[in-house]
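Q: Quick one: sequence plus predicted model below, questions after.
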Amino acid sequence: MGAQPEELFMLSLEKLEQQNVYIPESDAEEVEADLVVIGGGPAGLTAGIYGARAGLNTVIIERDALGGQVASTPTVENFPGLTQIGGKALVDLMVTHALEYVNIFPGEEVMKIDPGEPIVVSTNRRHFKAKTVLLATGAAHRHLNVPGENSLSGHGVSYCTTCDGPLFKGKKVIMAGGGDSAVTEALHLKNIGVDVTIVHRKDKLRAQEHLIKNLEVSGIPVIYDTEIEQIKGRGKVEEVKLRNNRTNKKNTIKVEGVFIAIGYTPSVELAREIGVELTDDGYIKHDSRHRTNIKGIYSAGDVEGGYKQIVTAAGHGSEAALAIFEDLVNPYWKKEG
Ligand code: NDP
């Protein structure tokens with residue numbers, strides 16, 4: 001159930017092939033590995049494939065949905081070789097591929113990392129004894145932090161158009177944000193019949209030019225220079241209070257949904273706890289080989305900042321896994337020591 005992309009499943013069903021792709025449960029209390037990858041998004045899954053293919057005993061731990069942000073991206077149109085594919089379908093392909101090589105521990109949260117030899121990674125289920133750890137923990141949705149946002153989350157406030165968009169078919173909603181995510185997701189909402197208006201705090205969108213063109217073609221209105229001050233409603237979203245930050249004029253509009261796509265906050269709690277150095281923006285500081293300041297701990301993907309693209313995350317995941325392989329064969333810390 002859900003272990004394979006629908007397209008692949010249908011093809012194999014036509015051929016009456018045996019179905020054997022699944023993520024096996026493990027009841028092991030202790031697992032030894034050369035490389036423990038924390039995070040099962042494109043960076044982590046790619047690192048898993050590369051690590052295992054280089055001969056490292058590699059495992060991947062993921063606390064939420066495999067695929068990270070991609071799993072909730074409506075359509076991906078810039079992954080080379082796949083003109084257009086649903087985010088979830090792409091994730092299923094990646095997971096199926098990774099499972100050929102690595103053990104994946106889904107739904108398992110890392111509670112603690114103890115650096116040393118070995119590095120001990122403790123989850124809510126077991127301990128992993130690792131030679132190296134790759135932090136591919138990604139980045140989480142940023143919040144507006146306005147009254148009503150938390151209390152109405154799941155009751156009209158949403159961060160995921162693929163998950164919740166269909167509930168708003170024929171209804172009026174706003175989309176907060178002015179970047180690629182806000183525009184892509186607004187286009188998706190419009191496509192499925194939602195009456196969407198973008199609300200952006202600046203006078204210009206910062207999305208890619210071709211996305212802005214699509215926006216114009218779709219006739220999605222944009223309210224510029226405007227901030228959301230409050231989301232109101234009894235039990236569900238009914239209206240939003242807006243303020244024009246140039247004129248200071250306030251107004252209230254009736255909507256049934258508020259989608260928020262205003263960027264990400266890197267997931268660096270574990271990194272911070274063990275003393276991994278961060279950049280001024282709060283991302284993991286790393287060198288060109290994805291090493292952090294702590295021996296044996298590496299990073300890859302959105303948690304490092306930079307362009308948050310599936311291909312860049314996957315690329316950095318492969319780089320990190322290859323660097324880890326080389327470091328384990330020829331440890332830089334021994335050369336330095
Ligand atoms: P971005 O950081 O690019 O944009 C965030 C947007 O939200 C900005 O317009 C910002 O406004 C606005 N914003 C931030 N905080 C607030 C706030 N508190 N209140 C109101 N507005 C706020 O994030 P995205 O998620 O759009 O994109 C992240 C990365 O993912 C980018 O690298 C992007 O290119 C990539 N991406 C690519 C896609 C594609 O290629 N199809 C699809 C989706 C994402 P301001 O401009 O004023 O700072």
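A: Received it, and whenever you're ready, just let me know what you need. Numbers count the residues shown, from 1 in each chain.
Q: Neighbours of Y332, how many?
A: Here the count is done by other Cβ atoms under 10 Å, and Y332 has 13 residues near it. Every residue, glycine included, has its C-beta placed from N, CA and C.
Q: Show me the beta-bridge partners of the closest residue to it other than its chain neighbours.
A: The spatially closest residue to Y332, leaving aside those adjacent along the chain, is R291, at 7.6 Å (Cβ to Cβ, 6 or more residues apart in numbering). In this structure, R291 has beta-bridge partners Y298, where bridges are defined by DSSP bridges.
Q: Not counting sequence-adjacent ones, nearest residue to the closest residue to the ligand within the chain?
A: Taking Cβ to the nearest ligand atom, the ligand has its nearest neighbour within the chain at G179, 2.4 Å off. Residue nearest to G179 in three dimensions, not counting chain neighbours: R206, with 5.3 Å by Cβ to Cβ, 6+ apart.
Q: Could you verify my assumption that the residue of the chain closest to the ligand touches K308?
A: No: look at G179 against K308 with Cβ atoms under 8 Å: they stay out of range, at 10.0 Å.
Q: how about the residues of this protein near the ligand?
A: Counting by Cβ under 6 Å from any ligand atom, the chain comes close to the ligand at 78, 142, 144, 176-182, 184, 201-202, 206, 261-263, 307-308.
Q: how does it look with 5 Å?
A: Near the ligand, the residues belonging to the chain are 177-181, 184, 201-202, 206, 262-263, 308 when assessed by Cβ under 5 Å from any ligand atom.
Q: List buried residues within these.
A: Applying 16 or more other Cβ atoms under 10 Å to the residues of the chain next to the ligand, the neighbour count classes 177-181, 184, 201, 262, 308 as buried.
Q: These: which two are farthest apart?
A: For these, with distances taken as Cβ to Cβ, the pair at the greatest spread is R201 and K308 (20.0 Å).
Q: Any stretches of the stretch 1-150 of the chain with poor pLDDT?
A: Within the stretch 1-150 of the chain, the set of residues satisfying pLDDT under 70 comprises 1-12, 15-22, 74.
Q: make it 90
A: Counting by pLDDT under 90, the stretch 1-150 of the chain has low-confidence residues at 1-27, 64-78, 83-89, 91-92, 106-107, 140-141.
Q: returning to what we had before: quick one: classify the residue nearest to G179 as helix, strand or coil.
A: Secondary structure of R206, reduced to three states by DSSP: H, G, I helix; E, B strand; the rest coil: coil.
Q: OK, contacts around the nearest residue to E29 once chain neighbours are set aside?
A: In space, not counting the residues next to it along the chain, E29 is nearest to R126; the distance is 5.1 Å by Cβ to Cβ, 6+ apart. Each residue near R126 by Cβ atoms under 8 Å, 6 or more residues apart in numbering is listed here: 26, 28-31, 108.
Q: Which phi and psi values does the residue of the chain closest to the ligand adopt?
A: The phi and psi values for G179, taken as degrees, to the nearest 10, are phi -100, psi -170.
Q: Backbone torsions only: list them for the nearest residue to Y283 once chain neighbours are set aside.
A: Once flanking residues are discounted, Y283 sits nearest to G305: 3.5 Å by Cβ to Cβ, 6+ apart. The phi and psi torsions at G305 (degrees, to the nearest 10) take the values phi 80, psi -160.
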